[in-house]
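Chemist: Please work out how this folds:
(chains A, B and C)
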Amino acid sequence: MEIETIEVVLSAGDEEIDVFDITQEVRKAISGWKEGFVNVFVQGSTGGVTVMEYESGLLKDIKEMFRELIPKDREYAHNLTWGDANGHSHLRASLLKPCLTIPFKDGVDFLGTWQQVVVMDFDNKKRKRKVILQVVGKR
Amino acid sequence: MEIETIEVVLSAGDEEIDVFDITQEVRKAISGWKEGFVNVFVQGSTGGVTVMEYESGLLKDIKEMFRELIPKDREYAHNLTWGDANGHSHLRASLLKPCLTIPFKDGVDFLGTWQQVVVMDFDNKKRKRKVILQVVGKR
Amino acid sequence: MEIETIEVVLSAGDEEIDVFDITQEVRKAISGWKEGFVNVFVQGSTGGVTVMEYESGLLKDIKEMFRELIPKDREYAHNLTWGDANGHSHLRASLLKPCLTIPFKDGVDFLGTWQQVVVMDFDNKKRKRKVILQVVGKR
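Modeler: Okay, the predicted model is just below:
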């Protein structure tokens, strides 16, 4: 059993929700490994990670889902505390959570054909978003 | 430290939401192991995994919860893209996420008495659903 | 690769939602380790774990978020089954899920500055809440 920890830095724009398909980064990380898993971890309290079919229709739908579940234009105590305006960003990230684990065997991950790994940046300003890919298993 | 990867195939019906209690499969997977964890991973972009008290009342409640949070009868861009009708299935799966990690020690998992492991199939047609149980630790 | 499993017991009050910042317990658990990850697991079907900026404003906001997404004062089939009144507690826990994985390298975890690890107890009565911290990696 071995372990390798890789840092990836994404450039998030100032859109309300940025979605990054990092499936290729995940595949690259496990390249040369035989059996194990990769833990994806998004650093920061306004980002998260999940899976989805990465196509333009669902991209619209998933952004709309978060807007409906946790609206932007509401009074959040967090915004009053900091004179900030990203209370909704924090809540969306806490609900989605920052980690995901993907197993692989015989060098192939178990992601479905339409199951891409996506990092979501909920923050409302441009920023760098650090993502950790930690591979654990046998080479 | 050792690793073992097991594939389980569930037969999902055409109900809006199928819920499978896979706690016994998890217990069988860690049988003979001493200390470690099992990663559960659901393949496909319309399935997920979580824990719940597996009883008929909560089964109704949790299905109703997903129907309320992410309604079925709404116009989703995904449905327009594909002439498909399962936009809500994808969104529910992305929100719930496909992975769960359960630790064990001295051969016993740390699940609570009323904390069963459940796979949820959100797709609206009959299908096989592959679930990966990957055990990592000491035998 | 080594493994260590630690049990932490939290004392939850009878508030609708108790939130515990366990970041220091996580840091203590990985103290002396070089590279790896810690799996946090909350035992029981009415508790969960996530990350958030632990400040009083967001604490109010996140409790309000769960109250809105999954209201307390509604008829749940679970409550009718058991003469119980915590159907909402179960659903909130199933949605949030009981596990979280945090990677570390060179002895330092990858949590962001404002990204604390929080256990949420959704149960409506006083109870002990067991949390498992399992560290895996190289010392």
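
Chemist: Tell me which residues of the lengthiest helix in chain A come out buried.
Modeler: Longest helix in chain A, counting residues (DSSP state H): helix A:56-69. Residues of helix A:56-69 classed as buried: A:57-63, A:65-66, A:69 (neighbour count, 16 or more other CB atoms under 10 Å in any protein chain shown). From N, CA and C alone the C-beta is placed, and that goes for glycine too.

Chemist: Of those, which are in range of chain C?
Modeler: By CB under 8 Å from any CB of the partner chain, the members of these lying near chain C are A:L69.

Chemist: nearest to B:T113, of the buried residues of helix A:56-69?
Modeler: A:L69 (31.1 Å; CB to CB).

Chemist: just to revisit the earlier point, and the helix or strand just after the longest helix of chain A, what does it pack against?
Modeler: The helix or strand immediately downstream of helix A:56-69 is helix A:77-82, counting by DSSP states H and E. On a contact count with 3 or more CB pairs under 8 Å, 6 or more residues apart in numbering or on different chains; DSSP states H and E, helix A:77-82 meets helix A:87-96, helix C:56-69.

Chemist: Of all the ones you listed, which one is nearest C:R92?
Modeler: helix C:56-69 (5.1 Å).

Chemist: Run the angle between the closest one and helix C:87-96 for me.
Modeler: Inter-element angle recorded for helix C:56-69 and helix C:87-96: 110 degrees (by axes from the mean of the first three to the mean of the last three CA atoms, to 10 degrees).

Chemist: Worst mean pLDDT across the helices and strands of chain A, which element?
Modeler: Scoring the helices and strands of chain A by mean pLDDT, DSSP states H and E places helix A:77-82 at the bottom, with a mean of 86.

Chemist: Give me the contacts around that helix.
Modeler: Residues from elsewhere that reach helix A:77-82, judged by CB atoms under 8 Å, 6 or more residues apart in numbering or on different chains: A:84-87, A:90, C:53, C:55-58, C:60-61.

Chemist: just those: which has the poorest pLDDT?
Modeler: Among the contacts of helix A:77-82, A:D84 carries the lowest pLDDT, at 79.

Chemist: Who are the contact partners of that residue?
Modeler: Going by CB under 8 Å, 6+ apart, the list of residues near A:D84 reads A:H78.

Chemist: Which one of the buried residues of helix A:56-69 is nearest to B:R129?
Modeler: Checking those one by one against B:R129 (CB to CB), the nearest turns out to be A:L58, at 19.5 Å.

Chemist: which non-adjacent residue is nearest the closest one?
Modeler: Once flanking residues are discounted, A:L58 sits nearest to B:H78: 4.5 Å by CB to CB, 6 or more residues apart in numbering or on different chains.

Chemist: Around the one you found, how many other residues sit close by?
Modeler: Neighbourhood size, B:H78 [other CB atoms under 10 Å in any protein chain shown]: 25.
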